[in-house]
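# this one's structure only:
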């Protein structure tokens, strides 16, 4: 599986913005490359289960969770094998560890993703 590394998390006040990034490297999953993968972002808040945030497929179609729609924007750069998540108008409820993941097709389900990053912490203070 490809290796995914997130960066860009941090501490921000409510209403502020952060951009988290994910870079893919290493041996791609057999028959698949970054370019042909759906890339997703998930997050896990303290004491809660990990939840879907957004995916972007190979055609750059996107699907957002209702909780972030209109505030978060995902983008990908296939030449650099990176996917970014721009988060605006952040709320304390957005505080979580954010994970990047790769899947062979577009899905909201964790089990469909076969490569995961280690996560990056995003903390939003009120």
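Good, I have the coordinates. On a predicted model such as this, the values are computed, not experimentally measured, just so you know. Numbering: from 1, shown residues only.
# In this structure, where is pLDDT below threshold?
Residue ranges of the chain with pLDDT under 70: 1, 27-31.
# State the number of residues packed around residue 53.
Per other C-beta atoms under 10 Å, the neighbour tally for residue 53 reads 23. Backbone N, C-alpha and C define where each C-beta goes, glycine included.
# how would you label the residue minimising distance to the centre of the chain: helix, strand or coil?
Centroid check for the chain by C-alpha atoms, centre = their mean gives residue 41 as the closest residue, at 2.3 Å. What DSSP: H, G, I helix; E, B strand; the rest coil gives for residue 41 is strand.
# wait, doesn't it sit right on residue 76?
No: contact criterion C-beta atoms under 8 Å: residue 41 and residue 76 do not qualify, at 11.2 Å.
# Quickly list what's touching both of those two.
Counting by C-beta atoms under 8 Å, 6 or more residues apart in numbering, the shared contacts of residue 41 and residue 76 are residue 83.
# in its sheet, what does the helix or strand harbouring residue 55 sit against?
Under DSSP states H and E, the secondary-structure element containing residue 55 is strand 51-56. Paired strands of strand 51-56, with direction, are strand 38-44 (antiparallel), strand 62-64 (antiparallel) (DSSP bridges).
# Quick check: which of these is buried the most?
strand 38-44 (a mean of 24; mean count of other C-beta atoms under 10 Å).
# so how far is that one from its chain's centroid?
From the chain centre to the centre of strand 38-44 is a distance of 4 Å (C-alpha atoms, centre = their mean, to the nearest Å).
# How about stretch 56-76?
The answer for stretch 56-76 is 9 Å, by C-alpha atoms, centre = their mean.
# Just the buried positions in it, please.
Across stretch 56-76, burial judged by 16 or more other C-beta atoms under 10 Å covers 56-58, 63-65, 68, 72-74, 76.
# and the two most separated of those?
58 and 68 (21.6 Å; C-beta to C-beta).
# tell me the strands in the protein, going along the chain?
Listed in chain order, the strands of the chain (DSSP state E) span 3-7, 10-13, 18-25, 38-44, 51-56, 62-64, 72-77, 82-87, 96-103, 115-116, 120-125.
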